[in-house]
Every structure is written in structure tokens, then in C-alpha cells.
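Novice: sharing a sequence plus its predicted fold:
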Amino acid sequence: MNQTVSSSSRARDDYRLGLVFFRKRQWRAAARHFGLAQRRAARDDEYLNVYASCQGLSLIRCGDPSGLNQCRHAAGRERVRPEVFVNLVLAELRFRHRRRAWEALCRGLALDPDHPVLHKLARKMDRRRRPAIGFLKREHPLNKWLGKATWRLLKRPGRRRA
């Protein structure tokens, strides 16, 4: 039992250090420390999925797409902590998986309906541009086509968004 306590405290120390590196945008160092926290944590550690999802998000920021599966796996096991779903939403948005991000956001809000970061992400995701032709419905094929075309133009490097 004493060894479990010491390994849990070392895991939390590695997690805190990972957060410091994450805030400094030093993604590789953050991923390394989150991975250490995950390996040092006991199997029944309540923060195990938080460590895994943080490592996954750090890996994504490093350019490693395998972090997305790690975030998804951690969220699949999580039953208490909405932070895991915040990380999954950010990971899904990074890969432009809007529907999956929305599903993760809803699952996180089911755990904690008052979570401020999830509400902020919901407001950010809910923004849509105005239809290209205002008197036509958003679903009209011409509006859809023009919307996609202008979105591609706005996403090019060197162009500014309106």
C-alpha cells in the first residue's frame, strides 16, 4: 500500500511537470512527462485517463497523429473527469473531425453540465459563417458550393479572414 501511495504521488509530480511544459508549448517534454505519469500511476489511479489524454494531446501537438487514438481510448474508459473530454474535443478539432468533437463535448457535459471550458468550446464550435447568398437557405446547393469555395480561399496562407 505504501508503494502505491508513493507511485501515485510521483505520477502526480510528473503530471504537474508535464502541465508546466505544456503551458510553455514544449510538447515533446510534456508528452514525456505525461507518459511517465501514466506508467507510474497505479491501475486504479483516478487520474490515469487524464494522464493518458494529456499525453495524447501533447503527441498531437508534436505532429504525431497516434495521440488521437490515445485520447479516444482514455475518453472511452473515463466515467468521472470531464477534462479528458476537453482534451478529446481539442484533439478531434485539430484533425477537423467536427462531428466527433461535438459528440465528445456532449459526453463531457453529461459528466459535468457546468464545466466552463466545455461551455467555451461549445460556443466556439457553434459559430458559423453567414450563408453566401442571404436570401437562399443555408442548405441550398449554391450556398453550400459557394461556402466551401470561399472557405478554401480564406484558408490559404497569406489571406486574411473577413
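Specialist: On my side now, so go ahead.

Novice: now the strand or helix carrying K120: mean pLDDT?
Specialist: Secondary structure from DSSP states H and E places K120 in helix 116-125. In this model, helix 116-125 carries a mean pLDDT of 93.

Novice: which residues touch the residue nearest to A41 when sequence neighbours are not counted?
Specialist: Counting by C-beta to C-beta, 6 or more residues apart in numbering, the nearest residue to A41 once its immediate chain neighbours are dropped is A11, at 4.0 Å. Any C-beta I mention is one placed from the backbone N, CA and C, and that applies to glycine too. Under the criterion of C-beta atoms under 8 Å, 6 or more residues apart in numbering, the neighbours of A11 are 36-38, 40-42, 45, 47, 51.

Novice: so which of the residues you listed sit within helices?
Specialist: For the contacts of A11, the ones inside helices are 36-38, 40, 51, with DSSP state H as the criterion.

Novice: how about the lengthiest helix in the chain: buried residues?
Specialist: Once the chain is assigned using DSSP H, the helix that runs over the most residues is helix 2-23. Neighbour counts using 16 or more other C-beta atoms under 10 Å place 8, 11-12, 14-15, 17-18, 21-22 of helix 2-23 among the buried residues.

Novice: got it, and stretch 31-43?
Specialist: 31-38, 40-41.

Novice: if anything else comes up later, I'll come back, but that's it for now.
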